[in-house]
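Enquirer: Have a look; sequence and predicted model below, questions after that.
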Amino acid sequence: MIRHLGLKAYGKINLGLDVLRKRDDGYHEVRMIMQTVGLYDKIDIYLKETPGIEVVTNLYYLPVNENNLVYKAAKLLMDEFHVPHGIRIHLKKFIPVSAGMAGGSSDAAAVLFGVNKMFQLGLTREELMNRGVKIGADVPYCIMRGTALSEGIGEILTPLTDMPQCQVLIAKPSVSVSTKFVYDHLNLAELKKEDHPDIDGIIEAIKSHDIYKVSERLGNVLETVTIREYPVIADIKEKLKELGAVNALMSGSGPTVFGIFTNPIAAGRAYEELRYGECRNLAKQAYLTNFYNTKEVPNG
């Protein structure tokens, strides 16, 4: 039995996010292009001889009980397989919280993978994904990772060709956004055709390995709600493009914005400007990373 596992829980961005309709059960049906990025949280899982789940984090405001997704993920498997031991989970957050990057879902995905490995439960990746959707719609994708089309409520996943590599500058303003608020205030009947991203066009551009064609098709229908509430998101998008980004977009329900750069020097300068320059008040957090395309290893 493994006594300690060190894992990386990678964040995601949306190259395209469209909402098709609101279902009778209250969920929204979506079509999204998901992409893993190199920014990750660190998770250490330690075996305990005594039963129970302990969670320790580096952020004082995060719950350490069943309200934390890592706790829920561990409990889900440990209850199902009647694991007699306990675990201690050390979660070190780097992915911005409540930011549209699926940080909590990715943490849960990593813990599912870790508990499965630590206690040799023998679950396949697909079996972990089937359990992950019980925790959150993004969890199955965070187990799979890479470039993917996400449909349904986010649980129907189709792997896509890997994105061409580039620099990705991630910027989160000081506001936090409620995903529920954004979806509750999305009025599909009032949206214009141009508000909906060309998801099929993005897929074709990805297949052709053309980062410029992908970039010009970036789109997120939820910007129609979130930017209206938080105009700083639009300010960050424009600033990233001024600083050399091929294009910029809000990820998920926001408020995080990412810019795609094909020039590493321009990306580095833009990062320095957002962190230390005249634009440093626009973004509370800024990270320069790239796409993470490895699909062979579920986590780690």
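Expert: Cool, got the structure.
Enquirer: Quick one: the strands in the stretch 101-250 of the chain, in order.
Expert: 147-152, 156-159, 167-172, 219-220, 247-250 (DSSP state E, counting those that start in this stretch).
Enquirer: Describe which strands the shortest one pairs with in its sheet and in which direction.
Expert: Spelled out, it's strand 219-220. Within its sheet, and counting by DSSP bridges, strand 219-220 is paired with strand 4-22 (parallel).
Enquirer: for the strand it pairs with, what is the average pLDDT?
Expert: Per-region confidence: strand 4-22 scores 96 on mean pLDDT.
Enquirer: For residue 88, give me the pLDDT.
Expert: 98.
Enquirer: Use 10 as the first number from now on
Expert: Will do, 10 is the new start, and the previous item becomes residue 97.
Enquirer: Helix, strand, or coil at it?
Expert: Classification of residue 97 using DSSP: H, G, I helix; E, B strand; the rest coil returns strand.
Enquirer: you'd agree it is up against residue 55?
Expert: Yes: applying CB atoms under 8 Å, one finds residue 97 in contact with residue 55, separated by 4.4 Å. For every residue, glycine as well, the C-beta is placed using N, CA and C.
Enquirer: What is the burial count for the closest residue to residue 110 other than its chain neighbours?
Expert: Leaving aside its sequence neighbours, residue 110 sits nearest to residue 20 (CB to CB, 6 or more residues apart in numbering; 4.1 Å). When neighbours are counted by other CB atoms under 10 Å, residue 20 registers 29.
Enquirer: Distance of residue 20 relative to residue 247?
Expert: 23 Å (CB to CB, to the nearest Å).
Enquirer: in the stretch 10-159 of the chain, which spans are helices?
Expert: For the stretch 10-159 of the chain, applying DSSP state H, counting those that start in this stretch gives helices covering 78-89, 112-127, 134-141, 148-153.
Enquirer: Check the stretch 160-309 of the chain too.
Expert: Secondary structure of the stretch 160-309 of the chain (DSSP H, counting those that start in this stretch): helices at 188-193, 208-216, 220-225, 232-238, 241-251, 273-285.
Enquirer: before we move on, the earlier item: take the strands of the stretch 110-259 of the chain and write them to TSV, including distance to residue 16 and mean pLDDT.
Expert: Converted to TSV, those look like this (distance: least, CB to CB, whole Å; pLDDT from 0 to 100):
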stretch	distance to residue 16	mean pLDDT
strand 156-161	20	96
strand 165-168	21	96
strand 176-181	21	97
strand 228-229	29	98
strand 256-259	28	98
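Enquirer: Keeping just the C-alphas, turn stretch 203-218 into PDB.
Expert: Only the C-alpha atoms of stretch 203-218 are listed here, as PDB (Å, rounded to 0.1, in the frame of the first residue of the first chain):
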ATOM      1  CA  GLU A 203     -22.900  36.600 -33.100                       C
ATOM      2  CA  ASP A 204     -23.000  36.100 -29.300                       C
ATOM      3  CA  HIS A 205     -22.700  32.400 -29.900                       C
ATOM      4  CA  PRO A 206     -19.200  31.100 -30.600                       C
ATOM      5  CA  ASP A 207     -18.500  29.000 -33.700                       C
ATOM      6  CA  ILE A 208     -17.700  25.700 -31.900                       C
ATOM      7  CA  ASP A 209     -17.500  23.700 -35.000                       C
ATOM      8  CA  GLY A 210     -15.200  26.300 -36.600                       C
ATOM      9  CA  ILE A 211     -12.800  26.100 -33.600                       C
ATOM     10  CA  ILE A 212     -12.700  22.300 -33.900                       C
ATOM     11  CA  GLU A 213     -11.800  22.500 -37.500                       C
ATOM     12  CA  ALA A 214      -9.100  25.100 -36.700                       C
ATOM     13  CA  ILE A 215      -7.700  22.800 -34.000                       C
ATOM     14  CA  LYS A 216      -7.600  19.900 -36.500                       C
ATOM     15  CA  SER A 217      -5.600  22.000 -38.900                       C
ATOM     16  CA  HIS A 218      -3.100  22.900 -36.200                       C
END
